[in-house]
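Visitor: Here is my input; please provide its structure:
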Amino acid sequence: MGKASLRALQAFEAIGRCGTVSAAARDLGVSPGAVSQLVRGLEQSLGLTLLERHGRRVELSSWGKLYFREVSKGFQQLAYAENVLTRARNNSGIVISALSSVANRWISRKIFDWQSLCPNSAVRILGQEQEPRLGWEDVDFRVTYGRRSYVHEHVGTLFTDWVVPACSPALLAGRTIEKPTDILDFPLINVEWESDYKASPQWRDWARLVGADDRAAYSGLSFTLSSSAIDAAASGRGFVLAQISMIQEDVASGNLIVPCDLRMKLAESYYLAWDRAALERPLGQQFHKWLLNLGRQQELLSAPSGGVR
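Guide: Numbering: from 1, shown residues only. Sure, this is the predicted structure:
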């Protein structure tokens, strides 16, 4: 068996990826005849038939399918290596992606602490619901939730959050919450997460927690984003079961209040995922360590003994 040339491997991989000789030729910027000639040379070198030819139409043979699976992995790795170098030369700073509500109400409010530690560090924050392809897209770190973390290779636990009833002081208008069930007499704002998450605590769950009939926990307004639901509550529209991590500053400033500190735990945790090349970037390891430490602090603050501050 001879040694296959890189150009022949490129031609074969392009046919397998593009589906036709002509499409492969366009992809490589050469003639269809050149592609066919390179692949025939590869077949002779290997002593195997990689393509089954039916007139102008070709398809991978059983040997070709097996070979393509492995060859394509090699080209993907080469593309990844080039991407790593390109991003390493990029001096635009650290890029962190997070679920939109987490980006808006947690990371964006904590990032100033990081910049106090590293004033010359540039950070770009992306609010994204879809999981990025770390290592391929221009993203160094990702904050995600629950089972979505499974798609990433390098992952660490950040924290598990809790929710608590919160509202604007204006909503009470001088009224006093004497017992937990009094909250159910006010307008209730619900957060309905996407179906691929485990269900977050709902008002009916909180009603059962305080010994009320869950039918009393009717909510006429729902949001799919926690941040939008919290904004509505801050505007005086009702009570929201808000994540502790997302309301700490609002409670500290008096924009939101927690008349009854009875918390419910989220079904899953938040996770930090990262591309291994991100740790080679300037300040990458320090940022990684800072985020994980921030998660440990939030774990303590969100738990029932942590207080809302």
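Visitor: just for the chain, where's the confidence low?
Guide: Within the chain, the ranges that satisfy pLDDT under 70 run 1-2, 80-92, 195, 306-309.
Visitor: Spell out the residue ranges of the helices in it.
Guide: Using DSSP state H, the helices of the chain run over 6-18, 21-28, 32-46, 62-89, 100-102, 108-117, 169-172, 203-209, 226-234, 244-253, 284-302.
Visitor: so can I have a markdown table of the ones you listed showing mean neighbour count and distance to A273?
Guide: Any C-beta I mention is one placed from the backbone N, CA and C, and that applies to glycine too. What follows is the helices of the chain, written out as a markdown table (neighbours: other C-beta atoms under 10 Å; distance: least, C-beta to C-beta, whole Å):
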| stretch | mean neighbour count | distance to A273 |
| --- | --- | --- |
| helix 6-18 | 19 | 27 |
| helix 21-28 | 18 | 31 |
| helix 32-46 | 17 | 38 |
| helix 62-89 | 13 | 16 |
| helix 100-102 | 21 | 13 |
| helix 108-117 | 13 | 18 |
| helix 169-172 | 15 | 38 |
| helix 203-209 | 18 | 29 |
| helix 226-234 | 22 | 20 |
| helix 244-253 | 19 | 18 |
| helix 284-302 | 16 | 11 |
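Visitor: I'd like the ones you listed laid out as JSON lines, including distance to P259.
Guide: Formatted as JSON lines, the helices of the chain follow (distance: least, C-beta to C-beta, whole Å):
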{"stretch": "helix 6-18", "distance to P259": "60"}
{"stretch": "helix 21-28", "distance to P259": "63"}
{"stretch": "helix 32-46", "distance to P259": "72"}
{"stretch": "helix 62-89", "distance to P259": "48"}
{"stretch": "helix 100-102", "distance to P259": "23"}
{"stretch": "helix 108-117", "distance to P259": "23"}
{"stretch": "helix 169-172", "distance to P259": "7"}
{"stretch": "helix 203-209", "distance to P259": "13"}
{"stretch": "helix 226-234", "distance to P259": "12"}
{"stretch": "helix 244-253", "distance to P259": "11"}
{"stretch": "helix 284-302", "distance to P259": "19"}
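Visitor: which stretch among the ones you listed comes nearest L272?
Guide: Within the helices of the chain, the stretch nearest L272 is helix 284-302; the backing value is 5.5 Å (C-beta to C-beta).
Visitor: which stretch among the helices of the chain comes nearest G146?
Guide: Taking C-beta to C-beta as the criterion, helix 100-102 is the member of the helices of the chain that comes nearest to G146, at 12.3 Å.
Visitor: Show me what that closest one packs onto, helices and strands only.
Guide: Under the contact definition 3 or more C-beta pairs under 8 Å, 6 or more residues apart in numbering; DSSP states H and E, helix 100-102 sits against helix 226-234, helix 244-253.
Visitor: Tell me which of the helices of the chain sits nearest to A267.
Guide: Nearest of the helices of the chain (C-beta to C-beta): helix 203-209, 10.7 Å.
Visitor: What is the closest one packed up against?
Guide: With contacts defined as 3+ C-beta pairs under 8 Å, 6+ apart, the packing partners of helix 203-209 are strand 264-265.
Visitor: by contact count, what packs against the strand it packs on?
Guide: strand 162-166, helix 203-209.
Visitor: neighbouring contacts of the shortest one?
Guide: The reference is to strand 162-166. 183, 200-201, 206, 230, 233, 239-244, 247, 250-251, 256-266, 302-304, 308 (C-beta atoms under 8 Å, 6 or more residues apart in numbering).
Visitor: who's in contact with S121?
Guide: Taking C-beta under 8 Å, 6+ apart as the definition, contacts of S121 comprise G93, I94, W114, Q115, L283, F287.
Visitor: Mind putting the helices and strands packed on strand 264-265 into a markdown table with distance to A278?
Guide: Rendered in a markdown table, the data for these read as follows (distance: least, C-beta to C-beta, whole Å):
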| stretch | distance to A278 |
| --- | --- |
| strand 162-166 | 30 |
| helix 203-209 | 38 |
